[in-house]
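1. Using only what follows, build the 3D model:
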Amino acid sequence: WILNATRRWYGEARRPHFGTAFAAARRGDEAAVPELVRLTESTLQPPLVRASALELLAQFSGHASRAALEAALLSEHGLIRHTAAAQLNEPDPDLLVDLLAPLLSDPVNAVRFAAVSVLAGAPSELLAPYQREALAQGITDYREAMGHSLDFASSGLNLGNLELSLGNEAAAERFYRTALQVDDLFLPAAMNLATLMARQ
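-> Numbering: from 1, shown residues only. Next up is the predicted model:
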């Protein structure tokens, strides 16, 4: 009787739900892209939903996905800025610096750290002097923050990736091994360590 009463009150039609687009995106269906873009731009959706849509969008190439990620870098919500910075895949270092360098002075630590982790290996000549200072300070802060949580394997992975971007292979190896001491089944650290060893 509950189902019958609900149908009488609301009808048979279901309201659109973000879960439908998320499920399609996780199947790799590019038809989900327009709805994901709409979700990222919708101020009626919670920031968590919009950030999740951005994360799923990043797996699809194309102008719409790229434009949504770039626009999200200017969002008023730290979670959305953080997701956009972490997911942005820009092969052109000049453009990457243009897009992410402003986030080196973001008021939210997680956003700054996302920008730092991506820009750590960028050629220093692409950065203005004040941006180089902000990046150097960001790297120091990032190392300190991750160092406080090395009992999580992900922190060792993050520090390993940072040091590898900076060209510090010995330090990167040490942190990957630290991550695996915490969790010897943590595949990202194992894969990165194996790649580093193979390269040597």
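2. Please name the nearest non-neighbouring residue to the residue most central in space within the chain.
-> By C-alpha atoms, centre = their mean, the chain has its centre lying nearest to residue 86, at 2.5 Å. Excluding its sequence neighbours, the residue lying closest to residue 86 (C-beta to C-beta, 6 or more residues apart in numbering) is residue 114, at 4.5 Å. Yep, even glycine has a C-beta here, placed from its N, CA and C like the rest.
3. what number of residues lie near that neighbour?
-> 23 (other C-beta atoms under 10 Å).
4. first vs last residue of stretch 145-157, how far apart are they?
-> 13 Å (C-alpha to C-alpha, to the nearest Å).
5. quick one: average confidence on it?
-> In this model, stretch 145-157 carries a mean pLDDT of 96.
6. Roughly how far does residue 63 sit from residue 131?
-> According to C-beta to C-beta, to the nearest Å, residue 63 stands 27 Å off from residue 131.
7. Among those two, which residue is more densely surrounded?
-> More neighbours surround residue 131 than the other of residue 63 and residue 131, with 20 against 7 (other C-beta under 10 Å).
8. All the helices of this protein, in order from the start?
-> Here the chain has its helices, by DSSP state H, at 2-10, 18-26, 33-41, 47-57, 63-72, 78-87, 93-100, 109-119, 129-147, 153-165, 169-182, 187-199.
9. burial measure for the nearest residue to residue 112 once chain neighbours are set aside, as a count.
-> Distances taken as C-beta to C-beta, 6+ apart put residue 106 closest to residue 112, at 5.0 Å, once the chain neighbours are dropped. The local packing of residue 106 (other C-beta under 10 Å) involves 21 other residues.
10. Contacts only, for residue 62.
-> Listed by C-beta atoms under 8 Å, 6 or more residues apart in numbering, the contact set of residue 62 reads 30, 33.
11. where does it sit relative to residue 118, distance-wise?
-> 21 Å.
12. Also residue 39?
-> Taking C-beta to C-beta, one finds residue 39 at 24 Å from residue 118.
13. Check residue 143 too.
-> Distance, residue 143 to residue 118, by C-beta to C-beta: 16 Å.
14. Neighbour count: the two, which is higher?
-> More crowded of residue 143 and residue 118, by other C-beta under 10 Å: residue 118, with 21 against 16.
15. wait, what's in contact with the more buried one?
-> So residue 118 contacts 85-86, 88, 96, 100 (C-beta under 8 Å, 6+ apart).
16. which of the residues you listed sit farthest apart?
-> 86 and 96 (12.9 Å; C-beta to C-beta).
17. okay, now residue 42: neighbour count?
-> Residue 42 has 13 neighbours, counted by other C-beta under 10 Å.
18. which residues touch it?
-> residue 50.
19. separation between it and residue 35?
-> From residue 42 across to residue 35, the span is 10 Å (C-beta to C-beta).
20. What of residue 88?
-> Applying C-beta to C-beta to residue 88 and residue 35 gives a distance of 21 Å.
21. Please apply the same query to residue 90.
-> Distance from residue 90 to residue 35, by C-beta to C-beta: 24 Å.
22. likewise residue 109?
-> Distance of residue 109 to residue 35, given as C-beta to C-beta: 32 Å.
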